[in-house]
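need a 3D model of the following:
(one chain, ligands or ions: 1)
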Amino acid sequence: MDNRPIGFFDSGIGGLTSIPYVMKKLPEERIIFFGDTARAPYGSKSADTIQHFSLQIAHFLKNHNVKMIVIACNTVSATCLEYLRRVYPDIPIIGVISPTARVVSKRCAPGASVGVIATSVTVKSGAYEKKIKALRPDLQVHSAACPAFVPLIEEGIIDNEIMRLTIKYYLDEFLRRYDITDLVLGCTHYPLISDEILRIYPHLRIISSSMEAANAVELELKKRDMLSSARSENHIFVASDLSAPFLQMIHRISEGKKEIADIHFYNLDL
Ligand code: DGL
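Numbers count the residues shown, from 1 in each chain. As a prediction, the model looks like this:
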């Protein structure tokens, strides 16, 4: 048993899409979430920059005495997971790509054509193809980078014509060319537009890395006998910029109840 909080982080609001699943599955767990909203998106930045930012955030979480760090970001999982594990060998650190690949391997029909949409960095890393193919060599895996999604989502442009046009711009040709049946949302921001995607392509079966992150947390805590027995304090949500979409998401997650979440601003460069 371990009553310390679990640390989560993402470049921005995307990782927050995992939080409701964690709260529902593991109501006794306390969460400290860091969203680097001032510096998002990460998905088109260099590996060195992403590593530098991730290290700052992992350090911040460690100073808050977290029992586990969850990289609720595919871009960081694809580029920095092993690096962070080397820097912090005493804290369990989990990423989102392996758990999501495991679900793909369990759910997809033999020979299915699987699409992975993600940031440019994640696609370039080839992490999803490698992990999925290692588990299910029969699957066809095709990836597409969709770099405009995250900046639009961080601006709160989600349920409107600009987003619908952007979805069609990236997905029309990609889905048709490879006859994709199963689509992996390989970026934790994308569940925020999954309704829009399904409205345009209702035949798709969607697999979300955000939901799988929550399942992986539960598994890992159980395996290590680190589940919390009671949550005595509020969850903490920290951002490097308290942007309107970040605050709206927290409001939605905590159902407007102030006693559930504390919100803070933290400048990592100070
Ligand atoms: N939510 C992130 C991911 O899963 C980060 C996207 C970005 O900052 O570009 O990749």
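
got the residues of this structure near the ligand?
When proximity is defined by CB under 6 Å from any ligand atom, the chain lies next to the ligand at 10-12, 14, 40-43, 73-75, 119, 122, 150, 187-189. For every residue, glycine as well, the C-beta is placed using N, CA and C.

now with 8 Å?
Neighbours of the ligand within the chain, by CB under 8 Å from any ligand atom: 10-12, 14-15, 40-45, 72-78, 96, 118-119, 121-122, 147, 150, 154, 186-190, 209.

quick one: distance of stretch 119-139 to the chain centre.
For stretch 119-139, the distance from its own C-alpha centre to the chain's C-alpha centre is 16 Å (CA atoms, centre = their mean, to the nearest Å).

chain center to the helix or strand hosting residue 143, what's the gap?
Counting by DSSP states H and E, the element that carries residue 143 is strand 140-145. Centroid separation between strand 140-145 and its chain, computed with CA atoms, centre = their mean, is 18 Å.

now do stretch 94-110
In terms of CA atoms, centre = their mean, the centre of stretch 94-110 is found 14 Å from the chain centre.

which residues does residue 238 bridge with?
Going by DSSP bridges, residue 238 is paired in beta bridges with residue 34, residue 264.

how about the strands of the stretch 151-270 of the chain, start to end?
Using DSSP state E, counting those that start in this stretch, the strands assigned to the stretch 151-270 of the chain run over residues 182-185, 205-208, 235-239, 261-265.

out of the ones you listed, deepest packed?
strand 182-185 (a mean of 25; mean count of other CB atoms under 10 Å).

can I get it as CSV, trimmed to CA atoms?
C-alpha atoms of strand 182-185 as CSV (Å, rounded to 0.1, in the frame of the first residue of the first chain):
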residue,chain,number,x,y,z
ASP,A,182,-9.1,0.4,-36.7
LEU,A,183,-7.7,3.8,-35.8
VAL,A,184,-5.3,4.4,-32.9
LEU,A,185,-5.4,7.8,-31.4
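
contacts for it, please.
Defining contact as CB atoms under 8 Å, 6 or more residues apart in numbering, one finds that strand 182-185 is touched by 100, 104, 107-108, 112-118, 128, 175, 191, 194, 197, 201, 204-210.
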